[in-house]
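**Student:** Based on what follows, work out the 3D shape:
(one chain, ligands or ions: 1)
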Amino acid sequence: MATERTTIHTLIQKKKDGEKIAAVTAYDYPFAEIADEAGMDIVLVGDSLGIVVQGEETTLPVTMDQMVYHTRLVSRAVKKALVIGDMPFMSFQAGLDDAVRNAGRFVQEGFAQAVKLEGGAGVLDQVSAISRAGIPVMGHLGLTPQSVHQMGGYKVQARSPGEGDKLLADARALEEAGVFAIVLEGIPARLAKRVTQSVSVPTIGIGAGPHCDGQVLVLHDLLGLFVKFSPKFVKRYANLREESLKALRQYRSEVLSGEFPTDQHSF
Ligand code: KIV
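**Tutor:** The predicted structure is shown next:
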């Protein structure tokens, strides 16, 4: 029997039912398959791949072609979760035509079911235009890494009451413009709770405390594959870097000693 695909409606219903939503990023076939088998509701092909896969300092160099390529790898593996493609820097900011065409590429070439884009009041027209093209859009507020230079670094956002009110207004405006969910990144837990209670679409938190409708983490952070830096909000559930290092060291040593391969691995 075919498994039923998670849709944007499943996620909205989960919020209504008070059921939490679990999301994780993935960038390739093997990890996307594992994420899906683990029961994730959402697999996000995040532009965080610029940092954790490509080794860049920021997400800014990531291109549309790269995002479409990785989204296709992920989509091939995922049978159940909703696959969301993350619109990279400059794929939607410069105009509505660009935004709609690039969102369309995620669906047509990457086989994603939805896209995500960063920003509040400044991207409402893009959200409406992409939604009108029949492509579901997820919003992203708070610490938006594509604005790293404007923020002056990766810092917790909206700490003051005025900034909190503005973020809440942005969340309401995004809902009005048609998003099906909103990522809240790097904001005080109290503000995330207020936003979560004020919008009818699910909020998915990352560094936004426990009151969001769901949580997302970067796969390489939670598996301990990316250890260059680790924000306070990351919980490491495994240490795959150490495990991989151990395995590769053992393999090397067995090759050097002649312990591998044996007759068992030979024809
Ligand atoms: O790029 C990404 O992985 C993201 C998530 C952290 C929300 O935007």
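
**Student:** hey, let's count contacts and neighbours off CA atoms from now on
**Tutor:** OK.

**Student:** what residues does the stretch 151-267 of the chain put near the ligand?
**Tutor:** Val218 (C-alpha under 6 Å from any ligand atom).

**Student:** Can you show me the strands along the stretch 51-200 of the chain?
**Tutor:** 82-86, 114-116, 137-142, 181-185 (DSSP state E, counting those that start in this stretch).

**Student:** Can I get the longest one in CSV, CA atoms only?
**Tutor:** What follows is strand 137-142 as a C-alpha-only set of coordinates in CSV (Å, rounded to 0.1, in the frame of the first residue of the first chain):
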residue,chain,number,x,y,z
VAL,A,137,5.0,29.0,0.5
MET,A,138,6.6,28.8,3.9
GLY,A,139,7.7,32.1,5.6
HIS,A,140,10.8,32.6,7.6
LEU,A,141,11.2,35.3,10.3
GLY,A,142,13.6,36.4,13.0
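
**Student:** hmm, who's touching stretch 96-108?
**Tutor:** 64, 67-68, 71, 85, 87, 91-93, 112-115, 125-126, 129-130, 133, 135 (C-alpha atoms under 8 Å, 6 or more residues apart in numbering).

**Student:** Which ones among these lie within helices?
**Tutor:** Met64, Met67, Val68, Thr71, Asp125, Gln126, Ala129, Ile130 (DSSP state H).

**Student:** looking at those, which has the most residues close by?
**Tutor:** Ranked by neighbour count (other C-alpha atoms under 10 Å), the ones in helices among the contacts of stretch 96-108 have Thr71 at the top, with 30 neighbours.

**Student:** So what's the predicted local confidence for the closest residue to it other than its chain neighbours?
**Tutor:** Distances taken as C-alpha to C-alpha, 6 or more residues apart in numbering put Gly110 closest to Thr71, at 4.9 Å, once the chain neighbours are dropped. For Gly110, the model assigns a pLDDT of 98.

**Student:** Make sure Gly110 is actually in contact with Val68.
**Tutor:** Yes - Gly110 is within contact range of Val68, at 5.0 Å (criterion: C-alpha atoms under 8 Å).

**Student:** Common neighbours of these two, please.
**Tutor:** Common neighbours of Gly110 and Val68 (C-alpha under 8 Å, 6+ apart) are Gly85.

**Student:** Contact partners for the residue nearest to Thr71?
**Tutor:** Val68, Tyr69, His70, Thr71, Arg72, Leu73, Ser75, Gly85.

**Student:** out of those, which are buried?
**Tutor:** Using 16 or more other C-alpha atoms under 10 Å as the burial test, the contacts of Gly110 include Val68, His70, Thr71, Arg72, Leu73, Ser75, Gly85 as buried.

**Student:** Which residue, other than its chain neighbours, is closest to whichever residue of the stretch 151-267 of the chain sits closest to the ligand?
**Tutor:** Proximity of the stretch 151-267 of the chain to the ligand (C-alpha to the nearest ligand atom) peaks at Val218, 5.6 Å away. Distance criterion C-alpha to C-alpha, 6+ apart; nearest residue to Val218, sequence neighbours excluded, is Thr25 at 5.2 Å.

**Student:** ok, the ones in helices among the contacts of stretch 96-108 vs Lys166, which is closest?
**Tutor:** Asp125 (18.0 Å; C-alpha to C-alpha).

**Student:** Distance-wise, check the closest one relative to Ala173.
**Tutor:** Look at Asp125 and Ala173: by C-alpha to C-alpha, to the nearest Å, they are 11 Å apart.

**Student:** One more: His211?
**Tutor:** According to C-alpha to C-alpha, His211 and Ala173 sit 21 Å apart.

**Student:** So between those two, which is more surrounded?
**Tutor:** Legend: neighbour count by other C-alpha under 10 Å for His211 and Ala173, higher for His211 (20 against 17).

**Student:** and that one, what is it in contact with?
**Tutor:** Applying C-alpha under 8 Å, 6+ apart to His211 gives the contacts Ala189, Ala192, Lys193, Thr196.
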